[in-house]
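>>> Quick one, fold the following:
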Amino acid sequence: AAPLFMLDLYHAVAGEEEEEEEGEAAVSRPVLTGLSTQSPPPGSVVSRADTVVSLVNMVEQDRDIFSPKPYWKEFRFDLAQVPTGESVTAAEFRIYKARGVTRHANTTLHVSIYEIAAEHSNRESDLFLLDVQDLRAGTEGWLVFDVTAASNHWLVDRKYNLGLRLYVETADGHSVDPGSAGLLGRRGPRSKQPFMVTFFRASPGPARVTRAAKPPRRRQPKKTNDLPHPNKLPGIFDDVHAADGRQVCRRHELYVSFQDLGWLDWVIAPQGYSAYYCEGECAFPLDSCMNATNHAILQSLVHLMKPEAVPKACCAPTKLSATSVLYYDSNNNVILKKHRNMVVKSCGCH
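Residues are numbered from 1 along each chain as shown. Predicted structure coming up:
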């Protein structure tokens, strides 16, 4: 279930990224619309995340109809592989509900999910309520619970990770065995097993100290700090001409195939992507289309005077964008990560 959901999420995010490339404000949508297997998380949650990690249920315990009431089902997840230096923006627990064996399909069920805060040998565990849903007993499909608070506690200290506990009750408070209500666990089909999805974002750096406000100055006429255009510089460079027919600095095609790199045993999607690269001459005079920095302009001037001492300016990326990659980690968790600076958008002389 987790890989299918994550693959759908990848396709939805990739579609949003393509629309952003075309200038559309895709991330302003309230939800992602490309998910076919399950209800999508809010689009704002996904757009803020740098990494999305799906965690498979590692340990499952039941107090079922063969045990005293109240009945419950417990789930545990291994957060050892979560990215370092990142904070949780959201976390969801997803569990599939089949029709179950309840005689009254129109009965309302009260499904609640708790964080196990502490365990005791001589009494019941301490529980912290995370989320609740009311639904018809005959409902079939994925249920999604907000477990962000638990995920944050577990990341602060791994010893707090005692798992989640799920209860099902009727409207009049009678305990119902989750399995009898149709909630599938590890014994269910592989495509319908419960899992957890956690959204991470890189933690911001240390906050800058706010300086005391200064009295406003009188506005001075605006001055430009730009160097004069190289073609307008007078003097000994008047007769120098650009690259003499050689190709000027620009972006070139480069497709990176993950199959050629031998990465498809752990990369799920994409099969590859257009990375592009920068190449070409940065010869004087540097035209405006070369996106040259002031430093590159001056370096080019000095190079003309001392070619053996100072090299030409280099053709390099001036703007890069991210691309999302879906892959397995060493524990077989499926991860969707937005890798920054993967695609060259424009080139210039540096």
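>>> Tell me who's in contact with H120.
By C-beta atoms under 8 Å, 6 or more residues apart in numbering, H120 lies in contact with D126. Yep, even glycine has a C-beta here, placed from its N, CA and C like the rest.
>>> secondary structure element for it?
For H120, there is no helix or strand it lies in under DSSP states H and E.
>>> Quick check: phi and psi on it?
Here is the backbone geometry of H120 (degrees, to the nearest 10): phi -130, psi 150.
>>> Break this structure into its domains for me.
Domain ranges of the chain: 49-202, 230-323+341-349, per automatic domain parsing.
>>> Please determine how far A150 is located from L130.
6 Å (C-beta to C-beta, to the nearest Å).
>>> the more surrounded of the two?
The neighbour count for A150 versus L130, taken as other C-beta atoms under 10 Å, is higher for A150 (28 against 20).
>>> right, and the helix or strand after the helix or strand hosting the more buried one?
Following DSSP H and E, one finds A150 within helix 148-156. Heading C-terminal from helix 148-156, the first helix or strand you meet, by DSSP H and E, is strand 164-170.
>>> which one's the longest strand in the protein?
strand 334-349 (DSSP state E).
>>> and that strand, which residues are buried?
Residues of strand 334-349 classed as buried: V334, I335, L336, K337, K338, M342, V343, V344, C347, G348, C349 (neighbour count, 16 or more other C-beta atoms under 10 Å).
>>> repeat for stretch 275-293
Under 16+ other C-beta under 10 Å, the buried positions of stretch 275-293 are 276, 278, 280-287, 290-293.
>>> again, but for stretch 140-153
L143, V144, F145, V147, T148, A150, S151, H153.
>>> Could you export that stretch as PDB, CA atoms only?
The C-alpha trace of stretch 140-153 is given here as PDB (Å, rounded to 0.1, in the frame of the first residue of the first chain):
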ATOM      1  CA  GLU A 140     -15.100   0.900   2.700                       C
ATOM      2  CA  GLY A 141     -11.800   2.700   1.900                       C
ATOM      3  CA  TRP A 142      -8.800   4.300   3.400                       C
ATOM      4  CA  LEU A 143      -9.000   6.200   6.700                       C
ATOM      5  CA  VAL A 144      -6.500   9.000   7.300                       C
ATOM      6  CA  PHE A 145      -5.600  10.200  10.800                       C
ATOM      7  CA  ASP A 146      -3.500  13.200  11.700                       C
ATOM      8  CA  VAL A 147      -0.600  11.900  14.000                       C
ATOM      9  CA  THR A 148       1.700  14.900  13.600                       C
ATOM     10  CA  ALA A 149       2.000  15.400  17.400                       C
ATOM     11  CA  ALA A 150       3.200  11.800  18.000                       C
ATOM     12  CA  SER A 151       5.700  12.000  15.200                       C
ATOM     13  CA  ASN A 152       7.200  15.200  16.700                       C
ATOM     14  CA  HIS A 153       7.500  13.500  20.100                       C
END
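>>> Now do that stretch, average pLDDT.
Averaging pLDDT along stretch 140-153 yields 91.
>>> C-terminal to the helix or strand that contains M196, what's the next element?
Per DSSP H and E, M196 falls inside strand 195-202. For strand 195-202, the succeeding helix or strand toward the C-terminus, using DSSP H and E, is strand 250-252.
>>> Quick check: which ranges of the stretch 151-300 of the chain have low pLDDT?
Within the stretch 151-300 of the chain, the segments meeting pLDDT under 70 span 204-245, 287-289.
>>> how about 90 then?
Applying pLDDT under 90 to the stretch 151-300 of the chain flags residues 151-163, 170-177, 179-181, 184-193, 200-250, 280-300.
>>> follow-up on the earlier one: now the longest strand of the chain and strand 195-202, what's the angle there?
Using axes from the mean of the first three to the mean of the last three C-alpha atoms, to 10 degrees, the direction of strand 334-349 lies 30 degrees away from that of strand 195-202.
>>> on contacts alone, who are the packing partners of strand 334-349?
For strand 334-349, the packing partners by 3 or more C-beta pairs under 8 Å, 6 or more residues apart in numbering; DSSP states H and E come out as helix 2-21, strand 51-56, strand 250-252, strand 272-274, strand 277-279, helix 294-305, strand 315-328.
>>> any idea of the angle it forms with strand 315-328?
170 degrees.
>>> Tell me the strands beside strand 334-349, with direction?
The pairing partners recorded for strand 334-349 under DSSP bridges are strand 51-56 (antiparallel), strand 315-328 (antiparallel).
>>> now these in JSON lines, with mean neighbour count, distance to D126 and mean pLDDT?
Formatted as JSON lines, these follow (neighbours: other C-beta atoms under 10 Å; distance: least, C-beta to C-beta, whole Å; pLDDT from 0 to 100):
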{"stretch": "strand 51-56", "mean neighbour count": "23", "distance to D126": "23", "mean pLDDT": "88"}
{"stretch": "strand 315-328", "mean neighbour count": "18", "distance to D126": "35", "mean pLDDT": "91"}
